[in-house]
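> Take this sequence and fold it.
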Amino acid sequence: MDKVEKILSTMGTLNYTGILLFVVVVVFTTFLWRLNKSDSAKFFFDDLLIDTDGKASTSKLAQIVALIASTWAFLHVTLAGELTEWFYGLYMGIWVMNRGYAKWVDSKVTTTKVDSVPQ
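As a prediction, the model looks like this:
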């Protein structure tokens, strides 16, 4: 069986992990959208995609896509019973280090702006 036939034969099978993740993403997105539309909203859906200057943020979009893709991979590996401590550590480490790095950069930018203000 060549590669094309193998791919086509596996496309006919249901991928329950993918379906479950899709349902979770749709429900979560619907929840966020309704929260955004409420009168007492403290959460704004636009903040996930737009920078503070009002322009679309490719880095924010890339981060959301990476979060969804890595979470799908994490769920897939977990449900398949193949989760290792390396994969778990890598998954958690990436998101913790990402947030820590962003805070570090923000502190450097704030410090630089304060230090460069003329007296």
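
> Give me the buried positions along the lengthiest helix in the chain.
Longest helix in the chain by number of residues (criterion: DSSP state H): helix 85-115. Judged by neighbour count (16 or more other C-beta atoms under 10 Å), helix 85-115 contains these buried residues: Y91. Bear in mind the C-beta positions are built from the backbone N, C-alpha and C, glycine included.

> what distance separates it from the middle of the whole chain?
15 Å (C-alpha atoms, centre = their mean, to the nearest Å).

> Rank the helices and strands of this protein by mean pLDDT and give me the bottom one.
helix 3-11 (a mean of 61; mean pLDDT, DSSP states H and E).

> by contact count, what packs against the longest helix of the chain?
helix 58-79 (3 or more C-beta pairs under 8 Å, 6 or more residues apart in numbering; DSSP states H and E).

> Dump the helix it packs on to PDB, restricted to CA.
What follows is helix 58-79, C-alpha atoms only, in PDB (Å, rounded to 0.1, in the frame of the first residue of the first chain):
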ATOM      1  CA  THR A  58       0.300  38.400  14.500                       C
ATOM      2  CA  SER A  59       2.100  37.400  17.600                       C
ATOM      3  CA  LYS A  60      -1.100  37.100  19.600                       C
ATOM      4  CA  LEU A  61      -2.800  35.100  16.800                       C
ATOM      5  CA  ALA A  62       0.300  32.800  16.600                       C
ATOM      6  CA  GLN A  63       0.200  32.300  20.300                       C
ATOM      7  CA  ILE A  64      -3.500  31.300  20.200                       C
ATOM      8  CA  VAL A  65      -2.900  28.900  17.300                       C
ATOM      9  CA  ALA A  66       0.100  27.400  19.100                       C
ATOM     10  CA  LEU A  67      -1.900  27.000  22.300                       C
ATOM     11  CA  ILE A  68      -4.700  25.200  20.500                       C
ATOM     12  CA  ALA A  69      -2.400  23.000  18.500                       C
ATOM     13  CA  SER A  70      -0.200  22.000  21.500                       C
ATOM     14  CA  THR A  71      -3.300  21.400  23.600                       C
ATOM     15  CA  TRP A  72      -4.700  19.100  20.900                       C
ATOM     16  CA  ALA A  73      -1.400  17.200  20.800                       C
ATOM     17  CA  PHE A  74      -1.300  17.000  24.600                       C
ATOM     18  CA  LEU A  75      -4.900  15.600  24.700                       C
ATOM     19  CA  HIS A  76      -4.100  13.200  21.800                       C
ATOM     20  CA  VAL A  77      -1.000  11.800  23.500                       C
ATOM     21  CA  THR A  78      -2.800  11.600  26.900                       C
ATOM     22  CA  LEU A  79      -5.900   9.800  25.500                       C
END
